[in-house]
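Participant: sequence isn't available, so here's the structure alone:
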């Protein structure tokens, strides 16, 4: 039966609106490297010192959340054919407030100044509430429900709770009161941030991009159907157990949460092993490393359960490094190297199609926008960062500054490569614009 | 005359790249019959931008045929009317 297609993708947001998120994020990674270089071993001494909190938030807010907010603005129209309401205003506002808020929060951690904390609370709450409102409204309107949509809804709920708990903690840190439950609130903030917001987002995006880009089979239904629901429910149960001090229930919830993420990681590795077409793709290497890091993090966590870790200052640091660095940074750097050249190439295709009826015009392939070699170098450098980070939290005296240098180099390379794509896009786009306005004689020289 | 293009086994963005390259070479009376494993929504947006017409046929799970032609090309349209998946 013939059917005329009526489905058309809503216009994705303009490229520069998204690129500002993806190009700013590596600067925060570089800032983390500089912080380590300046502070040295002191910045890795214990999870409770301001330097570690600053480092953590440069990664989690400045890099991870910055990229994820930009990616969500792009993913929503593709996923559900819906436009994020007011994206042209919301996007730049979220980006600006996130940048100010992250800088202010880190300024607050380092200087302890109340004004910096107040600025951070106002800016970050503004940025994330604006993002949550717009993305939430967009997700609410999606008609075709799939596991990714459910996972993203859970991720937004987790981001809201992370924000509220974070604001409460900042208020305590800046001297607006005291709480006997601060440790529990910190655990909840960490749990909802990493296992909720970041974890659900990676899971939801993974359900789409792993089968699509890596030519694997789909994730099994038992995982894709239940994990997006199960994880928020488990996190709520875990929150109740943490808040009421129900130790056994807390442990049970944590075991279940670890099991779900382990299942996702093992399944990802399995699907990649079984894939139909084996092409050398650095994106797969990043996803694979992230999945292996998930398994290692779960083993490390299990080691902590069966041992008394009170004397191991390095233990929570190593666990945090393996999750934030090994699992999350790895997958996000890998995704950036897919998203940015793809978006640039896709927008050039749109400009090319405008000229279709006036004759053939060539544009660069995706591989020309970003060749494979720099991405392979990035992968090697990132692996060096991870190995050095794992060793540096145990031996900060020797390795804190080398780690800072490696981080600075790795994120500088990321920024340089992504900026290269953006510059090539701008050059090609202006060539296509010239063709549109040029006379016939001039056109011949511009078409190739 | 129609040009068959099977992109069902290719990873993104190769299908889009190949289809758009073929469209650049599409002559009078020619139309594309693309075999794809899914609905290529981003392609539709680009076809609309390029002022091209298209039809989607669902031939079975993981088997979509997308017919693409220049509007007003009567030779292509007549041949396409007789086409069966």
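Facilitator: Great, that's in hand. Given the structure is predicted, the values throughout are model-derived calculations rather than measurements.

Participant: spit out the contact partners of residue A:309.
Facilitator: Neighbouring residues of residue A:309 by C-beta atoms under 8 Å, 6 or more residues apart in numbering or on different chains: A:315-316. (C-beta placed from N, C-alpha, C; glycine too.)

Participant: doesn't it fall inside a helix?
Facilitator: No: judged by DSSP: H, G, I helix; E, B strand; the rest coil, residue A:309 forms no part of a helix; its state is coil.

Participant: quick one, phi/psi of residue B:64?
Facilitator: When read as degrees, to the nearest 10, the backbone of residue B:64 gives phi -110, psi 140.

Participant: helices or strands next to the biggest helix by length in chain A in the packing?
Facilitator: Determined from DSSP state H, the single longest helix within chain A is helix A:396-437. When contacts are defined as 3 or more C-beta pairs under 8 Å, 6 or more residues apart in numbering or on different chains; DSSP states H and E, helix A:396-437 sits against helix A:15-39, helix A:330-354, helix A:366-369, helix A:372-394, helix A:440-446.

Participant: would JSON lines of the ones you listed with mean pLDDT be doable?
Facilitator: Formatted as JSON lines, the helices and strands packed on helix A:396-437 follow (pLDDT from 0 to 100):
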{"stretch": "helix A:15-39", "mean pLDDT": "95"}
{"stretch": "helix A:330-354", "mean pLDDT": "89"}
{"stretch": "helix A:366-369", "mean pLDDT": "86"}
{"stretch": "helix A:372-394", "mean pLDDT": "95"}
{"stretch": "helix A:440-446", "mean pLDDT": "59"}
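
Participant: mind checking which of these is nearest chain B?
Facilitator: Shortest distance between chain B and these, using C-beta to the nearest C-beta, is found for helix A:330-354: 3.7 Å.

Participant: can you give me the buried ones in the strand or helix carrying residue A:227?
Facilitator: Using DSSP states H and E, residue A:227 falls within helix A:221-244. Within helix A:221-244, the residues that count as buried by 16 or more other C-beta atoms under 10 Å in any protein chain shown are A:223-224, A:227-228, A:230-232, A:234-235, A:237-239, A:241-242.

Participant: what's the closest of those residues to residue A:358?
Facilitator: residue A:224 (45.1 Å; C-beta to C-beta).

Participant: number of residues surrounding the residue in chain B that chain A sits nearest to?
Facilitator: Among the residues of chain B, residue B:50 lies closest to chain A, at 3.7 Å counting by C-beta to the nearest C-beta. Neighbours of residue B:50 under the rule other C-beta atoms under 10 Å in any protein chain shown: 20.

Participant: against residue A:34, how distant is residue A:377?
Facilitator: 21 Å (C-beta to C-beta, to the nearest Å).

Participant: ignore what I typed, I meant residue A:202.
Facilitator: 27 Å.

Participant: ok, now residue A:424?
Facilitator: Residue A:424 is 28 Å from residue A:34, by C-beta to C-beta.

Participant: neighbour count winner among those two?
Facilitator: Legend: neighbour count by other C-beta under 10 Å for residue A:424 and residue A:34, higher for residue A:424 (18 against 15).

Participant: and the closest residue to the more buried one other than its chain neighbours, how many neighbours?
Facilitator: With C-beta to C-beta, 6 or more residues apart in numbering or on different chains as the measure, residue A:369 is the residue that lies nearest to residue A:424, at 5.6 Å, once sequence neighbours are left out. Neighbour count for residue A:369, taken as other C-beta under 10 Å: 21.

Participant: mind listing residues that contact stretch A:139-157?
Facilitator: A:72, A:75-76, A:79-82, A:132, A:135-136, A:196-198, A:200-201, A:203-205, A:207-208, A:219, A:224-225, A:227-229, A:231-232.

Participant: just the ones of those in helices?
Facilitator: Within those, residues falling in helices by DSSP H are A:72, A:75-76, A:79-80, A:132, A:135-136, A:200-201, A:203-205, A:207-208, A:224-225, A:227-229, A:231-232.

Participant: give me the number of residues near residue B:5?
Facilitator: Neighbours of residue B:5 (other C-beta under 10 Å): 17.

Participant: and the gap between the closest residue to residue A:332 other than its chain neighbours and chain B?
Facilitator: Leaving aside its chain neighbours, residue A:332 sits nearest to residue A:67 (5.4 Å; criterion: C-beta to C-beta, 6+ apart). Residue A:67 is 20 Å from chain B, where distance means C-beta to the nearest C-beta, to the nearest Å.

Participant: likewise residue A:62?
Facilitator: 29 Å.

Participant: so that residue sits in a helix?
Facilitator: Yes: per three-state DSSP, residue A:62 lies within a helix segment.

Participant: that one: how many residues sit nearby?
Facilitator: 26.

Participant: ok, residue B:62 next?
Facilitator: Quick note: residue B:62 (other C-beta under 10 Å) scores 9 neighbours.

Participant: and what of the one 10 residues further on?
Facilitator: Residues near residue B:72, counting by other C-beta under 10 Å, number 9.

Participant: check contacts around residue 62.
Facilitator: Going with chain A. Taking C-beta under 8 Å, 6+ apart, one finds A:25, A:27-29, A:31-32, A:102, A:106 in contact with residue A:62.

Participant: try again with chain B
Facilitator: B:8, B:37-38.

Participant: need the buried ones from these selected in ChimeraX.
Facilitator: Buried members of these, defined by 16+ other C-beta under 10 Å, are picked up in ChimeraX with:
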select /B:37
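
Participant: reformat the contacts of residue B:62 into TSV and put secondary structure and pLDDT next to each item.
Facilitator: Listed next are those as TSV, based on DSSP: H, G, I helix; E, B strand; the rest coil; pLDDT from 0 to 100:
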residue	secondary structure	pLDDT
B:8	coil	88
B:37	coil	86
B:38	coil	82
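
Participant: which among the contacts of residue B:62 gets closest to residue A:114?
Facilitator: Once C-beta to C-beta is applied, the member of those that ends up nearest residue A:114 is residue B:38, at 53.6 Å.

Participant: dump the residue contacts of the residue nearest to that closest one when sequence neighbours are not counted.
Facilitator: In this structure, residue B:38 finds its nearest non-sequential neighbour in residue B:64, 6.6 Å apart by C-beta to C-beta, 6+ apart. By C-beta under 8 Å, 6+ apart, the contact list for residue B:64 reads B:35-40, B:56-58.

Participant: from these, which land in strands?
Facilitator: B:35-36, B:56-58 (DSSP state E).
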